[in-house]
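Novice: Pasting the sequence and the predicted model now:
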Amino acid sequence: MSSSVEAITVLSSDGDEFKITVSAAKLSKPLNWMLEDVCFSDDCDEVPTIEVNSKTLVKVIEYCEKHAPRANSGASDSDAEELKKWDIEFMKMDVKDILFHILMAANYLHMEGLYDLACQTAADLMKGMTVSQIRKIFHIKNDFSSEEQEQLRRQHPGCSFD
Amino acid sequence: MKSQQVAPFLPREIIVDILKLLPVKTLIRFQCVSKHWKNIIKSPSFITDHLHHSSQHRPCLLFHEFLNYDCLELYLLNFKMQVVEVQNIPLVEGGLWIVGSSNGLLCIRIDKYAKPISPPVLFLWNPAFRDVRPVFPTFPDFDGDCQIGFGYSPIVNDYKIVGLYLSKYDYQVQVVEVYSLSKGSWRNIEVFDLGGLTITGSAGFTVNGAIFWIGYKRDIGGGCEYATVSFDIANEEFSLMPVPDVDRDLTFGANFTEFEQRLAILFPTKIENPESCLIELWMLEECTCRSGERWSWVKKYVFSPAYLHPITIWRNEIVGICHRLPGEEGPEIVERIVLSNITSTELKVLFDRVYVAFNYVESLVPVRNIHIEES
């Protein structure tokens, strides 16, 4: 790996260019491997593509840059507390719009911290949703027959299919 | 770049990772989303994943009122330190109590005070999933006393109930039966290891794939020889281990608990100071002692700012019965359940009555064997 660069350029799946610092990129295992494999000196013009769309990649990079100092050096309790608050603010995003993309990206980029955070955010949002709202955001059809619905209702009175 | 994006289809593994964070109540609702989701939520691997997460992140303590057998009034101390009432299933009238709790399943015992005395009827109950099922002992003619234990072994991935039948004349163990949830049947097992032994307490305590009781034998001089009786749930074998080296009556006042994933016993200290106390916490350790004993008990002390009778340890709290809070005066004695934080020594009153406590976690574990039910 070249030690001369502090930031690298990557392409999103939409073809937009993004800069990410080396220390932030290290939060992702695949990006870390890429850093080790690809030449990133100034005279090397190879720009790797990350299969994440621009809107999502902006957020992923924002998360990485925020978490990189702590991940690389360890942090005090007050830093950890501050970071927790930041995470909560950071996750105030619309499920339909971007949260699921973040989940997919964190999974694909092997970013455990972001993945767990996004899963918890999704779970917290889902608790307050009706079954039909869930079907809508997950693109699911109600495939129960009326007999099956009746049977489930008998087992769990109060269960709603709407 | 489009401004409005459609949420992507999430692969099953991500859906599972999200669902396992949800409480049982929400998952019961979400079974109605689709057949695919219902199958995920009902699958043994998901039930295990969910249980594992809940045990780590949502441990609860379940309380039922001491010596109140007429109704099963249950309270849950949840991981947010809130007390909530548990929705009850009215089973049958009279004489019921919890004799075991493991992975969200409760073993409930119902005694009929009819003559001649008959063995108790047992129920397995998952209160969170509102699932209940009776388990009838196959030994209906026995007219002695009966001790029950209930627990889980990860080695055989099975829940078992142990019934120790005690003679009505000398309270010694006569017959032992084991019920396997996966087999759905009882089996009689040899009792030669338990010859001449009397079992004390109201129920067995389970931890790490075993169930424990305190047992004793009367010696000729009228004294008691105590033993920790252990039942290995996987291989269905009993063994006898030593008891903590204490100079007191172990048939009363000693409470089993789990501490740092090990079996432990709590004793109140015989103490002069009514304002605070040191609680004795004995932990079972595997050792290579010179004496050749495989197991030994190691004593620790835990400080409490009030005099209390410890009943269990939950997370970082001693749960105990307290008669008088620090600074309280006067002749009136109120029995309370309090939490005493081991690190901060902060004291918190939970109930103004006496309850017994069980480790508990809300789970999806079914009261019947799904493999048997589905085939």
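Specialist: Now that the structure is in, tell me what you want to look at.

Novice: does whichever residue of chain B sits closest to chain A count as helix, strand or coil?
Specialist: The nearest approach of chain B to chain A comes at B:Leu21, 3.9 Å away (CB to the nearest CB). Glycine gets a C-beta too; all of them are placed from N, C-alpha and C. Secondary structure assignment for B:Leu21 (DSSP: H, G, I helix; E, B strand; the rest coil): coil.

Novice: Count the neighbours of it for me.
Specialist: 21 (other CB atoms under 10 Å in any protein chain shown).

Novice: What are the boundaries of the helices in chain A?
Specialist: Applying DSSP state H to chain A gives helices spanning A:22-25, A:29-37, A:54-73, A:77-90, A:100-108, A:112-127, A:131-138, A:146-155.

Novice: What does the pLDDT read for the residue nearest to the residue of chain B closest to chain A when sequence neighbours are not counted?
Specialist: Using CB to CB, 6 or more residues apart in numbering or on different chains and skipping the chain neighbours, the partner closest in space to B:Leu21 is A:Ala123 (3.9 Å). pLDDT recorded at A:Ala123 is 95.

Novice: B:Leu194 versus A:Ala123, what's the distance?
Specialist: Distance from A:Ala123 to B:Leu194, counting by CB to CB, to the nearest Å: 47 Å.

Novice: The two - which one has more neighbours?
Specialist: A side-by-side neighbour count of A:Ala123 and B:Leu194, using other CB under 10 Å, places B:Leu194 first with 21 against 17.

Novice: Touching, that one and B:Gly215? I think so.
Specialist: Yes. Contact criterion CB atoms under 8 Å: B:Leu194 and B:Gly215 qualify, at 7.3 Å.

Novice: Surely B:Tyr171 touches B:Thr200?
Specialist: No. The pair B:Tyr171 and B:Thr200 does not pass the contact test of CB under 8 Å, sitting 9.1 Å apart.

Novice: mind listing what whichever residue of chain A sits closest to chain B touches?
Specialist: For chain A and chain B, the shortest gap (CB to the nearest CB) falls at A:Ala123, measuring 3.9 Å. Applying CB atoms under 8 Å, 6 or more residues apart in numbering or on different chains, we find A:Ala123 in contact with B:Ile18, B:Leu19, B:Leu21, B:Leu22.

Novice: And B:Val298, by the same measure?
Specialist: B:Trp282, B:Met283, B:Glu285.

Novice: The most centrally placed residue in chain B: which element?
Specialist: Taking CA atoms, centre = their mean, the centroid of chain B lies closest to B:Ser101, which sits 3.9 Å from it. Using DSSP states H and E, B:Ser101 sits within strand B:96-102.

Novice: ditto for B:Phe123
Specialist: strand B:121-126.

Novice: does the nearest residue to B:Arg353 once chain neighbours are set aside have beta-bridge partners, and which?
Specialist: Excluding the flanking residues, the one nearest B:Arg353 by CB to CB, 6+ apart is B:Glu65, at 6.3 Å. Here B:Glu65 sits in beta bridges with B:Tyr355, as judged by DSSP bridges.

Novice: Might you report the residue contacts of B:Glu65?
Specialist: B:Glu73, B:Arg353, B:Val354, B:Tyr355, B:Val356.

Novice: can you tell me how far it sits from B:Thr198?
Specialist: Applying CB to CB to B:Glu65 and B:Thr198 gives a distance of 27 Å.
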